[in-house]
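>>> My questions are about this predicted structure, shown below with the sequence.
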Amino acid sequence: MTNGEIFIGTAGWSYPDWEGAVYPARCAPADKLRAVAECLDCVEVDSSFYRPPTARMTANWLRVTSHRPQFRFLAKAWQRFTHERAAPWSRAELDLFLGGFAPLRERLDAILFQFPWSFRNEPRNLDWLGRIAEQFAGWPVAVEVRHDSWAAENVPVSFRRCGFIYCNVDQPQLSHCLGATELATSATGYFRLHGRNAKNWFREETVYGARYDYLYAEKELDELLARMRRVASKTQRTFAVFNNHKDAKAFANALQLKARAQPEAATRAPVELLARFPQLRGAVAAAGEEQLPLV
């Protein structure tokens, strides 16, 4: 891809409800990643939020996607750096996390520090971000904030000074939720699309994936793409990551957006996904042979 283009992918690649839609049931973990890499441009590692990966794991991700060297990786920062802020992290914790990503370094375009809505624009949190900038120097750091206190005019200036990639979020427009943005504070643009399920956004998640159970309509995708193109015009590359993962909606929306953003390329979809989302037909091609209906 050339400068200014948009890389489209999903947050994570291993979900139980993607079986039978994105990849076959009970397939090996490597085959799940391979299936995503066959159709999309990038993927955001989700598991690294819960525990740091080992170098052996990340080296294996490179091996699994070696047939697509242009496929890119993003990764969520360990929750120790974003959600467990009662005390500073240790040097051992930092080395554990970064050591695991060392093999992936050349194809890793961002480490995403995803902060919760409760993370406000206030001095102690600015100090926390300053420590991230200092200790992750040399690594591509992206920051996602969700509270509207971060809509202040000095925030983009501060992010540029720290060398942060600004992560534009699409989320339900509820009280004090950061609204639509199209900011670029580095040579990399970033969008994370969580869906707009306002009913479940702040609810305790008692049903798997309920917060992210949302399928973007075509009109919404067109509006999002217009924002992405404006950011892409100011950056070398821009990433659009769908996090509305329930029932493979993220994968379907990612393919719809890719077909719009890259009309000159052939966008392919797993056959089973076309059966689940017939609205994809005509915009994408089947990756495999479709079984004709019995008559």
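Nice, thanks for sending it over. Numbering: from 1, shown residues only.

>>> next one: phi and psi at residue 268?
Main-chain torsions, residue 268, degrees, to the nearest 10: phi -110, psi 150.

>>> wait, what's in contact with it?
Residues near residue 268 by Cβ atoms under 8 Å, 6 or more residues apart in numbering: 38, 39, 284, 285, 286, 287. Placement of C-beta: from N, CA and C, glycine included.

>>> Verify the contact between the first one and residue 287 for me.
Yes: counting by Cβ atoms under 8 Å, residue 38 touches residue 287, with 6.4 Å between them.

>>> any idea which of the contacts of residue 268 is least confident?
Within the contacts of residue 268, the minimum per-residue pLDDT falls on residue 287 (82).

>>> I'd like to know how far that one sits from residue 247.
Per Cβ to Cβ, to the nearest Å, residue 287 is found 19 Å from residue 247.

>>> for residue 64, same thing?
Residue 64 is 24 Å from residue 247, where distance means Cβ to Cβ.

>>> try residue 225
Note on residue 225: its distance to residue 247, by Cβ to Cβ, is 23 Å.

>>> Equivalent analysis for residue 117, please.
24 Å.

>>> Please, where are all the helices along the protein?
Assigned by DSSP state H, the chain shows helices spanning 29-39, 55-64, 91-101, 123-135, 154-162, 218-232, 249-261, 271-276.

>>> Sort out which of the contacts of residue 268 are buried, if you could.
Neighbour counting with 16 or more other Cβ atoms under 10 Å marks 38, 39, 284, 286, 287 as buried within the contacts of residue 268.

>>> Can you add distance to residue 251 and give these back as CSV?
Putting those into CSV (distance: Cβ to Cβ, whole Å) gives the following:
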residue, distance to residue 251
38, 12
39, 8
284, 11
286, 14
287, 12
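
>>> Do I have it right that residue 120 meets residue 152?
No: using Cβ under 8 Å, residue 120 makes no contact with residue 152, being 10.8 Å away.

>>> who's more crowded, those two?
Using other Cβ atoms under 10 Å as the criterion, residue 120 and residue 152 rank with residue 120 on top: 14 against 11.

>>> which non-adjacent residue is nearest that one?
In space, and not counting its chain neighbours, residue 120 is closest to residue 149: 4.8 Å by Cβ to Cβ, 6 or more residues apart in numbering.
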